[in-house]
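> Sequence plus predicted model, see below.
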Amino acid sequence: MLHLFRANSPYTVIILFILTLVLKLQALAHAIVPVPIPGAILYNGVLDFFKAIFGNHPAAYTLIAILFIFSQSLYLRGIALRHRLMVSPNYLPSLVFIILSSLHPAMGFFSAPLWLNWLLLGGIDIALGFTKSQDRSRAIFNAGFVLALAALWFSPALFFLVFLLLALVIMRPIKAHESVISLIGYGLPFYFALGLLYLFNILSSIKEWPQFGVNIPHHFHSWVYLPIVILGCLFLLASGVIRLSQNISRLPITVRRCWSVVGVALLAGISTSLFSTQGNESVWITAMPMLSLLVVPTMASEKRSRFATFTFYFLIIFVVYCQLALPS
């Protein structure tokens, strides 16, 4: 079955969509109506818009979330192809992201972190192209601007400011004016946001921003779920990193830097998830795109590999186990 996703066939997209629907049946069965988040003015405005259309029908919101996850999986594949993170075109990044985003049904719900992923993927996509862009100053400014919008959308994404600065150091020679451009791009959305809050006389709402916490999952006490999830993800990550390290010397220097940026983005995503509002499992989806990219090298080898096949079936068994073992 692994060869179906290694192929660059348009029919694979149909298989991925069917797989997404099957793996999200648990989310559909426990669909909920999303609620406003204190201090998240942008998200709450979008939520009000959708509530005017769908009312309080939870299945409609979950179907939108499923379409988002499927679309983000294809965008993630596009990022990997555009920045040459894969030796040959395949759909493995999409496959791994769809599977890892199904480890908990909350990641399949309509939520602020799911919308946040669009901005994070966009910012990371721009950052990976810092060395390729003809107008580098514009790319650096745009990356800062997009990642600032992510922080305005969901305040724990402020950790991606550190990612932005580290990505500049990794991808470019250190230049003071480029750092200043990135900070100007990052600060501009906040300037506009303060102006709009003042204009509409709701400046007092700034007291609710940012919102941080310690996001310990509800199932921390469950020995049949959380430890297996942690160990499974660590195994997949370690396998991918080891496989990547074996081939890293053969890769162009720009691609090596891109993989370093992916690693930094994963740490920023984990930090965003860990220091989010307590008990919000849906926010862990912000770490899944970069984790997915780092898992792919294990299965992407063009030669037949027993370990690649083992990893593929491990992913399938892993997600099925997590969905069955999840405490109610």
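Yes, it's here.

> Check which helices and strands the helix or strand containing F50 sits against.
In the assignment (DSSP states H and E), F50 maps to helix 41-54. Other helices and strands packing on helix 41-54, by 3 or more Cβ pairs under 8 Å, 6 or more residues apart in numbering; DSSP states H and E, are helix 58-82, helix 112-128, helix 136-153. The C-beta positions use only the backbone N, C-alpha and C, and glycine is treated the same way.

> Now do the buried residues in that helix.
I41, Y43, N44, V46, L47, F54 (16 or more other Cβ atoms under 10 Å).

> go on, stretch 253-267?
For stretch 253-267, burial by neighbour count (16+ other Cβ under 10 Å) applies to V255, R257, C258, W259, S260, V261, V262, G263, V264, A265, L266.

> got the contact list for it?
The contact list for stretch 253-267 (Cβ atoms under 8 Å, 6 or more residues apart in numbering) reads 83-85, 120, 124, 127-128, 131-132, 160, 163, 166-167, 170-171, 244, 248, 251, 287, 290-291, 293-294.

> and if you look at stretch 269-277?
37, 113, 120, 154, 156-157, 159-160, 211-215, 283-284, 286-291.

> tally of neighbours for the residue nearest to L74 when sequence neighbours are not counted?
For L74, ignoring the flanking residues on the chain, the nearest one in space by Cβ to Cβ, 6 or more residues apart in numbering is S94 at 5.8 Å. Using other Cβ atoms under 10 Å, the number of residues around S94 comes to 28.

> likewise the one 4 residues further on?
Burial of I98 is recorded as 26 neighbouring residues (other Cβ under 10 Å).

> again, but for A300
A300, neighbours per other Cβ under 10 Å, totals 23.

> quick one: pLDDT of the residue lying closest to A7 once chain neighbours are set aside?
Of all residues not flanking A7 in the chain, N90 sits nearest, at 6.9 Å (Cβ to Cβ, 6+ apart). On the pLDDT scale, N90 is placed at 89.

> And V255, by the same measure?
pLDDT at V255 comes out at 90.

> Name the SS class of it, please.
helix (DSSP: H, G, I helix; E, B strand; the rest coil).
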